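A.B. asks: build the 3D model from these lines:
(chains A, B, C and D)
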There are 2 protein chains.
Amino acid sequence: MARRTDIRLVFQRRLLEARQREQLSQKELGIRAGLDPSVASTRINRYELGVHEPDFASVQRLAETLKVPTAYLFAEDDRLARMILAFEQLSVAEKEQLLKGIEST
Amino acid sequence: MARRTDIRLVFQRRLLEARQREQLSQKELGIRAGLDPSVASTRINRYELGVHEPDFASVQRLAETLKVPTAYLFAEDDRLARMILAFEQLSVAEKEQLLKGIEST
DNA sequence: CATGGATACTGCGAAACTCGTAGTATCCAT
DNA sequence: ATGGATACTACGAGTTTCGCAGTATCCATG
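C.D. replies: I've put the predicted structure just below:
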């Protein structure tokens, strides 16, 4: 079986990249995600460096704040990551049409 | 902002569905994912019912065992979930072609 | 180059969580 | 109605993340 990259490294990288895309500091990201300003910097820093793991609810709040689907933060493959971002931009009709196309194989 | 479904519920549902697709018991899934047989049933049960949350590494092992990308287990939208499964079946060339199409909008 | 403000990062004990153990409950084929 | 497989759970022990109180680094400006 093809070994996947350690999901912790994946998460760290996706989190960093998405935060930089939004041009937010670690502290600002944490605050916008609902953390108390006094702990925002600390916690985001530890998540990004892989010191600690956030619980699922925190992951979802981070994803929302960064305007990406939660699944994006766990996309091992870069192509899948790109697809997830592109897919969410489509209308429902476009999504269905696309699915119809590739699920039929 | 459009409120997303609680990611914990999403994870529980995806885990259950994927396990049933593979026709595995909770215990068997746990064992195949590398858990000691004496704790496999307990732990998978708790993850599936949302009593506890697995750490990221465990999530990845479960995804591998269930033959889905880790991202799949966190797909809030059913269409995105289907897309993730369909996408991984494609060849690299097909993935690139697809991305070229939907990223250009 | 020196200073200061913003940003990134870390050690520590307290608090919160998941863990394994040892079960019980439910389902269902015979 | 019984046994075996499957699903589920209470509880204390162990492990992890938490907030706090910092230090370190970057870099713009005098």
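A.B. asks: from the centroid of chain A, which residue is nearest?
C.D. replies: A:Leu73 (2.8 Å; C-alpha atoms, centre = their mean).
A.B. asks: just the pLDDT at the residue nearest to A:Ala40 when sequence neighbours are not counted, thanks.
C.D. replies: Counting by C-beta to C-beta, 6 or more residues apart in numbering or on different chains, A:Gly30 is the residue found nearest to A:Ala40 once chain neighbours are left out, at 2.7 Å. Bear in mind the C-beta positions are built from the backbone N, C-alpha and C, glycine included. Here the pLDDT value assigned to A:Gly30 is 98.
A.B. asks: can you list the low-confidence ranges for chain A?
C.D. replies: Along chain A, segments meeting pLDDT under 70 span A:1-2.
A.B. asks: what parts of it come near DNA strand C?
C.D. replies: Within chain A, the positions near DNA strand C by C-beta under 7 Å from any atom of the strand are A:25-28, A:41-42, A:45-46, A:48-49, A:51, A:55.
A.B. asks: most neighbours among the residues you listed, please name it.
C.D. replies: A:Gln26 (20 neighbours; other C-beta atoms under 10 Å in any protein chain shown).
A.B. asks: wait, doesn't that one sit right on A:Arg19?
C.D. replies: Yes - contact criterion C-beta atoms under 8 Å: A:Gln26 and A:Arg19 qualify, at 7.3 Å.
A.B. asks: what separates the residue nearest to the centre of chain A from chain B, distance-wise?
C.D. replies: Taking C-beta to the nearest C-beta, to the nearest Å as the measure, A:Leu73 and chain B are separated by 8 Å.
A.B. asks: counting neighbours, what do you get for the closest residue in space to that residue that isn't next to it in sequence?
C.D. replies: Closest residue to A:Leu73 apart from its sequence neighbours, by C-beta to C-beta, 6+ apart: A:Arg14 at 4.6 Å. By other C-beta under 10 Å, the residues close to A:Arg14 number 22.
A.B. asks: what's the answer for A:Ala63, then?
C.D. replies: 24.
A.B. asks: residue numbers of chain A in contact with DNA strand D?
C.D. replies: A:35-36, A:38-39, A:41-43, A:46, A:52-55, A:58.
A.B. asks: can you add secondary structure and give those back as CSV?
C.D. replies: As requested, the residues of chain A next to DNA strand D are arranged in CSV below (DSSP: H, G, I helix; E, B strand; the rest coil):
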residue, secondary structure
A:Leu35, coil
A:Asp36, coil
A:Ser38, helix
A:Val39, helix
A:Ser41, helix
A:Thr42, helix
A:Arg43, helix
A:Arg46, helix
A:His52, coil
A:Glu53, coil
A:Pro54, coil
A:Asp55, coil
A:Ser58, helix
